[in-house]
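Chemist: build the 3D model from these lines:
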Amino acid sequence: MIRCIIVVNNQGKPRLMRFYDGTPHERQQHVLKTVYNIVSRRSDDLCCCFAEDRELFGDDHKIIYRHFATLYFVFVVDSAESELGILDLIQVFVQVLDSCFENVCELDLIYHFDKVNYILDEIVMGGMVVETNAEVVMSALQGIKKLESSQSSFFG
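Modeler: From the prediction side, this is the model:
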């Protein structure tokens, strides 16, 4: 199960945080700082994209991340999830964001948080992976876009 998804910039500012296990806000802030310290200190060239923190999460959890430009995409998962599967899931998430925003950047996550959250909900729901095909997620987004445009003409 996915415990949390965090997208954080190079300065440690969260751009997206989603916890699936009812973690209190104070603990979320502690997790954010700890995870950021772990991933930001690692070299992109020399280190793999997997880390652990037994004090923070226990023996059963892994930190899986990818660094794209100015953003870290971090998934904290339990041992039931495949590391390579989660790396692929991060790739799908970023690929869909790139398709929607044409080379996604940090400002897209800030100004279009509703769309970003919708995309994430299409991929992960309640800590479980729902969809791994970027084309299926994109078609769902196009369906919502059509629905929004038809509603605006209906009410406008």
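Chemist: does His112 touch Phe101 like I think?
Modeler: Yes. Between His112 and Phe101 there is a contact under CB atoms under 8 Å: 7.0 Å. C-beta coordinates here come from the backbone N, C-alpha and C atoms, glycine included.
Chemist: which other helices and strands does the lengthiest helix in the chain contact?
Modeler: If you go by DSSP state H, the chain has its longest helix at helix 134-155. For helix 134-155, the packing partners by 3 or more CB pairs under 8 Å, 6 or more residues apart in numbering; DSSP states H and E come out as helix 83-101, helix 113-123.
Chemist: in it, what's buried?
Modeler: Ala134, Val137, Met138, Ala140, Leu141 (16 or more other CB atoms under 10 Å).
Chemist: return the member of these nearest to Gln29.
Modeler: Sorting the buried residues of helix 134-155 by how near they are to Gln29, with CB to CB, puts Val137 at the top with 29.6 Å.
Chemist: the nearest residue to Met17 once chain neighbours are set aside: what's it in contact with?
Modeler: Nearest residue to Met17, sequence neighbours excluded (CB to CB, 6 or more residues apart in numbering): Ile6, at 5.3 Å. By CB atoms under 8 Å, 6 or more residues apart in numbering, the residues touching Ile6 are Pro14, Leu16, Met17, Arg18, Val31, Leu32, Val35, Tyr72, Val74, Val76.
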